[in-house]
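>>> 3D model of this:
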Amino acid sequence: MSRYVSAAELAGPPPSGRASLLSRFVDRGAITGAFVGLGIAVVSAISFLLIIPIDPVYWLLSLPAGLLIGYYANSKSGRLRGEWPRMIANALFAGAATGLTLAALLLGVKALFFYADGGYPDFNRVDQATGAVIPPTCASGADCVYQRYLVAQGDALRAAGVTDAASFSTVYWDQQLSTAFTLFLAATGGGVAGGIVYGLTRPRSGSAVSAATPDGNAAA
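Numbers count the residues shown, from 1 in each chain. Model prediction:
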């Protein structure tokens, strides 16, 4: 007589051996999904924070990226409809990993440009003939970033009480941390939504697949 096992059982950890601590809460497919989400975050950051800096596109990608990863984590795990606790755990884990990566990359890139800003070409230019510094000037780092924003958004900064590089740094990083947290929430929420979409479109857990032996016959 053939023995039937669920797709989730086939995708889960092997019956022998001690399962890792993480595998007690999520499937291996969710761990794979987390790594895929990390890759999506890295590609997005390179594309829209470094090569073509368009921050809003990076922000908007966080939700669909989480949605995709939440769905993928359960698809990779072979979960069936009705296995909600595990499906939500898989989606939450993979979505949170994606969101955390998106947030960390945003802060990392912003820190790189913030502290490495030397002011050029708007500030700290040098006369090639004499070697003399051409005004206006700024101190590398926070002051140069502040001076750039002062030119572009001077009225808004003054209205917010920003009067120097120190107060600007506080406002700037508060905004970046808020954005990073929003990205994390969006990707995590998207991941859970992706898991729910997956669960609603799968066969019920009563469905089964036959475990086949290497020669193509069902296992007895």
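>>> What ranges does this structure have for its strands?
4-5, 125-126, 133-134, 209-210 (DSSP state E).
>>> Residue 133: how many residues sit nearby?
Residues near residue 133, counting by other C-beta atoms under 10 Å, number 12. All C-beta spots, glycine's among them, are computed from the backbone N, C-alpha and C.
>>> ok, what's across the strand from it?
residue 126 (DSSP bridges).
>>> residues in contact with it?
Residues in contact with residue 133 (C-beta atoms under 8 Å, 6 or more residues apart in numbering) are 124, 125, 126, 127.
>>> just curious, which of the residues you listed is nearest to residue 87?
residue 124 (55.2 Å; C-beta to C-beta).
>>> gap between the closest one and residue 195?
51 Å (C-beta to C-beta, to the nearest Å).
>>> Between the two, which is the more surrounded one?
Between residue 124 and residue 195, counted using other C-beta under 10 Å, residue 195 has the larger neighbour count: 31 against 18.
>>> what's the pLDDT at the residue nearest to that one when sequence neighbours are not counted?
Take residue 195 and drop its neighbours on the chain: the residue closest to it by C-beta to C-beta, 6 or more residues apart in numbering is residue 91, 2.6 Å away. The per-residue pLDDT reported for residue 91 equals 97.
>>> and what of the one 5 residues further on?
Note for residue 96: predicted pLDDT of 98.
>>> count of neighbours near it?
Counted with other C-beta under 10 Å, residue 96 comes out at 22.
>>> which one is it nearest to, not counting chain neighbours?
Closest to residue 96 by C-beta to C-beta, 6+ apart is residue 188, at 4.7 Å.
>>> and the gap between the one you found and residue 89?
In terms of C-beta to C-beta, residue 188 sits 13 Å off from residue 89.
>>> what residue ranges in the protein are flagged as low confidence?
1-20, 204-220 (pLDDT under 70).
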